[in-house]
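S.K.: Need coordinates for the following:
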Amino acid sequence: MANYSIKADLLKLRGAFMMNLKGKTATKRCLCIPVDDAGLFVGEKGVYLNLTAVEMQEPKFGDTHFVKVNLDRAAYDALSEEERKAIPILGGLHELEPQVRTMVVSQTIDAKTAVENAEDDLPF
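M.R.: Next comes the predicted model:
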């Protein structure tokens with residue numbers, strides 16, 4: 001089974017913007033996403049963004065799929081054809097290449113030395 005790398009530009013979500021918020025001890029850059037406008041789902045244990053990865057017929061920039069927001073059927077049906085086409089592509093994904101792990105060997109010993117140093121109480 002393959003592993004995939006996913007990159008998504010969250011500023012492409014409808015109504016998303018960045019701003020600096022000042023707290024008691026620091027000012028932080030924050031991403032603000034309107035829950036209802038962006039198609040987020042508020043559940044009991046979190047706020048979810050349902051995404052769909054669609055395989056590209058002609059992969060570009062190393063990506064094999066593009067990622068879009070997956071709206072529920074009622075919300076999708078309420079959109080006009082123009083609005084459906086305007087749903088932004090948030091990003092892409094591509095398969096991660098498996099990395100071959102190698103072990104660095106700093107020194108070796110020959111078989112004769114290994115046998116001479118063996119203990120007599122081995123369990124086999």
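
S.K.: Which parts of this protein are strands?
M.R.: Assigned by DSSP state E, the strands in the chain fall at 4-8, 17-22, 27-32, 41-42, 47-48, 51-60, 63-69, 89-95.

S.K.: Off-centre distance for the third one?
M.R.: So that's strand 27-32. Computed by Cα atoms, centre = their mean, to the nearest Å, the chain-centroid distance of strand 27-32 equals 21 Å.

S.K.: and that strand, what other elements does it pack with?
M.R.: Strand 27-32 makes packing contacts with strand 17-22 when contacts are defined by 3 or more Cβ pairs under 8 Å, 6 or more residues apart in numbering; DSSP states H and E. Heads up, the C-betas are built off the backbone N, CA and C, glycines and all.

S.K.: so where is this structure shaky, pLDDT-wise?
M.R.: 1, 109-124 (pLDDT under 70).

S.K.: Quick check: phi and psi at A38.
M.R.: phi -90, psi 0 (degrees, to the nearest 10).

S.K.: list the contacts for it?
M.R.: Contacts of A38 were listed using Cβ atoms under 8 Å, 6 or more residues apart in numbering, and they are L13, R14, G15, A16, L49, V69.

S.K.: Done for today, thanks.
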